[in-house]
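Undergrad: Here is my input, please return the structure:
(one chain, ligands or ions: 2)
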Amino acid sequence: MIKIAPSILSADFSKLGEEINTVVTAGADLVHIDVMDGQFVPNITLGSPVVAALRKTTKAPFDVHLMVENPENQIDAFAKAGADIITFHVEAAKHMHRIVQRIKEHNIKAAIALNPGTSLAFIEEVLPDLDMVLLMTVNPGFGGQKFIPSVLDKIERLRDIIDTNEFNIDIEVDGGINLITAKQVIEAGANILVAGSAIYNADDMKQMISDLKQK
Ligand SMILES: O=C(CO)[C@H](O)[C@H](O)COP(=O)(O)O
Ligand SMILES: [Fe+2]
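TA: Ligands and ions are numbered 1, 2, ... in the order given. Presented below is the predicted three-dimensional model:
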């Protein structure tokens, strides 16, 4: 089953609570929250107090994508704020295994993100401990960027590893997902699609979410 996770990076930040409810009503399976620290990526977005406030506005699962240096310092705060999945970047992590365990201590899902230029080999040893892998299909930092097609091959290779080993791990993709690239990533083996601009700029969000699932 394909799940859609609208990224609130493309939402109107002056009314985030309403914007989340709009996509949840339109059929979002998860709410994707992009956390940027101005260090790992150039932008700064929001922190755990904002997530805690948004938690009061919906019961929908929060998929928190940490684009931050030293992610180990942020796990407890975002878990307490109400994250259901916490994803950190392998490129920012010195102690990957420890961070995964730290997330799991909160009884929530743990995921690792890989930039387009990062090899799957970096997560091989921790793969059995993960609930999800996020394969970035753009370089992180901004919404509305162009999909990088070379990641399709990486999605296929990860799908093969997961299926061969009978791991229960979701493959999420993030960046430049639209009606054309959604078809490509689903065929390659992704099952959770993040989409920001495609959903928030759509005239009919409900139709867009349903169309992105390629039903
Ligand atoms: O993590 C992200 C950027 O670093 C965002 O989730 C992503 O870019 C979504 O935006 P769009 O669908 O417009 O590309
Ligand atoms: Fe993201």
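Undergrad: Contacts for the longest helix seen in the chain, please.
TA: With residue count as the measure and DSSP state H as the assignment, the chain has helix 151-165 as its longest helix. Residues from elsewhere that reach helix 151-165, judged by CB atoms under 8 Å, 6 or more residues apart in numbering: 114, 116, 120, 127-128, 133, 135-137, 167, 169, 171, 173, 184-185, 188-190. To be clear about C-beta, it is placed using only N, CA and C from the backbone, and glycine gets the same treatment.
Undergrad: Is it positioned near ligand 1?
TA: No - contact of helix 151-165 with ligand 1 (CB under 6 Å from any ligand atom) is absent, the minimum separation being 12.7 Å.
Undergrad: Need the residues that contact the helix or strand that comes right after that helix.
TA: The helix or strand immediately downstream of helix 151-165 is strand 170-174, counting by DSSP states H and E. With contact meaning CB under 8 Å, 6+ apart, strand 170-174 is reached by 3, 5, 7, 32, 63, 65, 87, 111, 113, 131-138, 140, 151, 155, 158-159, 162, 185, 189-194.
Undergrad: Keep only those of those that are in strands.
TA: In this view, the contacts of strand 170-174 that belong to strands under DSSP state E are 3, 5, 32, 63, 65, 87, 111, 113, 132-136, 192-194.
Undergrad: Of all pairs in the residues you listed, which one is the farthest apart?
TA: Lys3 and Met136 (17.4 Å; CB to CB).
Undergrad: quick one: which of the two has more around it?
TA: More crowded of Lys3 and Met136, by other CB atoms under 10 Å: Met136, with 25 against 17.
Undergrad: For that one, list the residues it contacts.
TA: Ala113, Leu114, Asn115, Pro116, Val151, Val173, Asp174, Gly175.
Undergrad: In those residues, which residue is surrounded by the most others?
TA: With neighbours taken as other CB under 10 Å, the top of the contacts of Met136 is Val173, carrying 31 neighbours.
Undergrad: Quick check: residues of the chain near ligand 1?
TA: 7, 9-10, 32, 34, 65, 67, 138, 140-145, 174-177, 194-198.
Undergrad: Need the nearest residue in space to Ala113, chain neighbours excluded.
TA: Leu134 (3.9 Å; CB to CB, 6 or more residues apart in numbering).
Undergrad: okay but the one you found is in contact with Ala111, surely?
TA: Yes - counting by CB atoms under 8 Å, Ala111 is a contact partner of Leu134 at 5.6 Å.
Undergrad: what touches both of those two?
TA: By CB under 8 Å, 6+ apart, the residues touching both Leu134 and Ala111 are Thr87, Glu172.
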